[in-house]
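S.K.: generate coordinates for the sequence data below:
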Amino acid sequence: MVEPLCVITQSLSSPHSRSTEVIGLTPVTMQTEMTLGDTSAGSVLVADMREMQKEHEKKLVGLKREMEEATRANDFALRAGLAEEHQALQLKMACTTIEEMRG
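M.R.: Okay, the predicted model is just below:
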């Protein structure tokens, strides 16, 4: 004799007990019978996606290089600007010192 998987009655406790049983189960991931690469159209899509991934990786490498170059250029520009400010302050201090000595 085969036992039924679950018995559903018209009582209020039946849905509660069934939902408690289901909630306690471990989730299962379903697998499809056919993966994308198993078909000719899927193979073309997979090849296209791999090519796109390679292109994106090249672009990312290029962007990273550009960012590094921009950072170096910015550092150089900032250092040059700081050097100019430093010279201007030194000149101003020298002028102030001369004025104080005269004064």
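S.K.: and the helices in the protein?
M.R.: 13-23, 40-102 (DSSP state H).
S.K.: which of these has the lowest average pLDDT?
M.R.: Ranked by mean pLDDT, the helices of the chain bottom out at helix 13-23, with a mean of 58.
S.K.: could I get the helices of the chain in a markdown table, plus columns for mean neighbour count?
M.R.: (C-beta placed from N, C-alpha, C; glycine too.) Formatted as a markdown table, the helices of the chain follow (neighbours: other Cβ atoms under 10 Å):
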| stretch | mean neighbour count |
| --- | --- |
| helix 13-23 | 10 |
| helix 40-102 | 10 |
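S.K.: could I get the pLDDT score of residue 27?
M.R.: Listed pLDDT for residue 27 reads 53.
S.K.: switch to numbering from 886
M.R.: Right, with 886 as the first residue, what we last looked at is residue 912.
S.K.: got phi/psi on residue 924?
M.R.: Dihedral pair for residue 924: phi -120, psi 160, per degrees, to the nearest 10.
S.K.: residue 943 versus that one, what's the distance?
M.R.: Look at residue 924 and residue 943: by Cβ to Cβ, to the nearest Å, they are 28 Å apart.
S.K.: repeat that for residue 925.
M.R.: Using Cβ to Cβ, we find residue 925 at a distance of 28 Å from residue 943.
S.K.: I am finished for the moment; much appreciated.
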